[in-house]
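Asks: Provide a 3D model corresponding to the input given below.
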Amino acid sequence: MYKKLLIPGPTEVSKEILEEQNRYLIGHREKEFSTLYGGITDKITRFFQLTPDIKPTVTTGSGTLWFDIVARSVVKQKALACVNGAFSKRAAQTLQACGKETDILEVEMGKAIKPDMVAEKLESGGYDTITICHNETSTGVRSPLKEISQMIRKDYPEVIIAVDAVSSIAGDKIIPSEIGCDIIFGSTQKCFALPPGLAVGLVTDRAIERAKTVPNRGAYTDMVDIFEFEKKQQTPFTPNISLLYALNKRMDLLLAETYDKVYQRHLDMANYTQTWAKKHFAMFPEAGYESITVSCISNTQNKDIKALNQQLAEKGYLISAGYGNLADKTFRIGHMGEWNLENIKQVINLIDEIWELGK
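Replies: Alright, predicted model coming up:
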């Protein structure tokens, strides 16, 4: 049976978006493709209110690809990786796997990375790049990205700030010029509400200039090459054209809804879900640092999450258990992409009925 996805990704994709992928393919070196791709990057520029010094790009691959791009094209000597969950840990491991000297600032699961922690670590010096996960999908923690980035820009201006916003970009409020970071990237299967397969990167000119000084950038991960092709409204390698048709339509819909309304819709869903969670359970993230796109809820009543999903499936829905060793201790509800408050209320009402929480 078809199940509507309220997991932290991939998220629900509408028929309207799926049908966009039925278009005939075009040559990726033809003018027709440049018109399509240039239109997409222009829409991304307008939606995220990019200033002239911040350039968009769309790469074919998962968001994880950008861990490699940052490692191979941005880190010169030494990086600081901020770790507060499974996916920020993956970023740190990728930097190390690419042979880059990497120190790790790690906090326990459920905690956020905070400006004073970062400042204390950067004080020791020697770092040219820092990686931060804005919205840790495994724990539902939202770190204070703006405060961290502004502190770094003020006190450590030479450090390039690379941000994993895979599960928050296009849902949470992320305006790169206001935040002050250098690289923000995300995946299409989260808040963009597309199938998996594309990653969106927003990159400052100074990060591109840094990349020009870094040797051995690889091929697919060469950020200089990526942005040289952007000048021609093309990609270095064959892209997923079918998904680009879908992204083009999604950007039209996001622009029509407007940035502020997209953010408010996600905030409303988060507030409703988390108010419900606090009534019957508890939130896993430390107070004040809860994500607005995925709620990670402590299973304080020791409910059977697998059995819940089996019963939800009969109603046509799917939520997520906790990630990794949090599988039975937490459960997660993804409220991102095309979902709205009424949809979330319907699903939570079903959970109330199945678990008899209203009694």
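Asks: can you pull out the strands in the stretch 1-150 of the chain?
Replies: Here the stretch 1-150 of the chain has its strands, by DSSP state E, counting those that start in this stretch, at 4-5, 54-60, 78-83, 101-106, 129-133, 135-136, 141-142.
Asks: Now do the buried residues in the fourth one.
Replies: Residues of strand 101-106 classed as buried under the neighbour-count rule (16 or more other Cβ atoms under 10 Å) are 102-106. To be clear about C-beta, it is placed using only N, CA and C from the backbone, and glycine gets the same treatment.
Asks: need those residues in JSON lines with distance to residue 187 and pLDDT, can you?
Replies: As requested, the buried residues of strand 101-106 are arranged in JSON lines below (distance: Cβ to Cβ, whole Å; pLDDT from 0 to 100):
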{"residue": "102", "distance to residue 187": "23", "pLDDT": "98"}
{"residue": "103", "distance to residue 187": "26", "pLDDT": "97"}
{"residue": "104", "distance to residue 187": "23", "pLDDT": "98"}
{"residue": "105", "distance to residue 187": "24", "pLDDT": "98"}
{"residue": "106", "distance to residue 187": "24", "pLDDT": "98"}
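Asks: what residues go with each domain of the protein?
Replies: Domains of the chain are assigned by automatic domain parsing as 4-10+259-355, 15-256.
Asks: that older thread, looking at the buried residues of strand 101-106, spot the one nearest residue 85.
Replies: Nearest to residue 85 out of those is residue 106 (Cβ to Cβ; 9.8 Å).
Asks: And that closest one, how far from residue 89?
Replies: 8 Å (Cβ to Cβ, to the nearest Å).
Asks: can you list residues touching both of the two?
Replies: Residues touching both residue 106 and residue 89 by Cβ atoms under 8 Å, 6 or more residues apart in numbering: residue 83.
Asks: Specify the local secondary structure of the residue nearest to residue 17 when sequence neighbours are not counted.
Replies: Closest residue to residue 17 apart from its sequence neighbours, by Cβ to Cβ, 6 or more residues apart in numbering: residue 246 at 5.1 Å. For residue 246, the assignment made with DSSP: H, G, I helix; E, B strand; the rest coil gives helix.
Asks: pLDDT wise, what is residue 246 at?
Replies: Predicted confidence (pLDDT) for residue 246: 98.
Asks: which residues touch it?
Replies: 17-18, 20-21, 188, 194-195.
Asks: From those residues, which land in helices?
Replies: 17-18, 20 (DSSP state H).
Asks: could you pull out the helices for the chain?
Replies: Under DSSP H, the chain gives helices at 15-20, 31-47, 65-73, 86-97, 115-122, 145-155, 176-179, 205-211, 223-230, 241-257, 259-280, 305-315, 341-355.
Asks: what helices or strands is the last one leaning on?
Replies: The reference is to helix 341-355. Packing partners of helix 341-355 (3 or more Cβ pairs under 8 Å, 6 or more residues apart in numbering; DSSP states H and E): helix 259-280, helix 305-315, strand 330-334.
Asks: of all those, which gets the most neighbours per residue?
Replies: strand 330-334 (a mean of 26; mean count of other Cβ atoms under 10 Å).
Asks: Give me the pLDDT value at the residue nearest to residue 280 when sequence neighbours are not counted.
Replies: Using Cβ to Cβ, 6+ apart and skipping the chain neighbours, the partner closest in space to residue 280 is residue 357 (5.1 Å). pLDDT, residue 357: 93.
Asks: neighbours around residue 357, how many?
Replies: When neighbours are counted by other Cβ atoms under 10 Å, residue 357 registers 16.
Asks: Hmm, residue 350 and it touching each other?
Replies: No. Distance between residue 357 and residue 350: 10.8 Å, which falls outside the contact criterion (Cβ atoms under 8 Å).
Asks: List the contacts of residue 28.
Replies: 234-235, 238-239, 241.
Asks: For the protein, give me the ranges with low pLDDT.
Replies: 359 (pLDDT under 70).
Asks: winner for burial among the helices of the chain?
Replies: helix 65-73 (a mean of 26).
Asks: quick one, that helix and strand 129-133 angle?
Replies: Going by axes from the mean of the first three to the mean of the last three Cα atoms, to 10 degrees, helix 65-73 is angled at 170 degrees with respect to strand 129-133.
Asks: if we look at helix 65-73, which residues are touching it?
Replies: For helix 65-73, using Cβ under 8 Å, 6+ apart, the contacting residues are 59, 79, 90-91, 94-95, 97-98, 100, 129, 131, 162, 164, 183, 185, 199, 201, 211, 214, 216-218, 220-224, 226.
Asks: What is the burial count for residue 133?
Replies: 32.
Asks: mind listing what the residue nearest to it when sequence neighbours are not counted touches?
Replies: The spatial neighbour of residue 133 that comes closest, neighbours along the chain excluded (Cβ to Cβ, 6+ apart), is residue 88 at 3.7 Å. By Cβ under 8 Å, 6+ apart, the contact list for residue 88 reads 81-82, 131-133, 136, 164.
Asks: before we move on, what about residue 10?
Replies: Taking Cβ under 8 Å, 6+ apart, one finds 189-190, 195-196 in contact with residue 10.
Asks: any chance of the contacts of residue 28 in a markdown table, plus distance to residue 150?
Replies: Shown next, in a markdown table, are these (distance: Cβ to Cβ, whole Å):
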| residue | distance to residue 150 |
| --- | --- |
| 234 | 35 |
| 235 | 32 |
| 238 | 39 |
| 239 | 34 |
| 241 | 39 |
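Asks: Highest neighbour count among these?
Replies: Neighbour counts for the contacts of residue 28 peak at residue 235, which has 22 neighbours (criterion: other Cβ under 10 Å).
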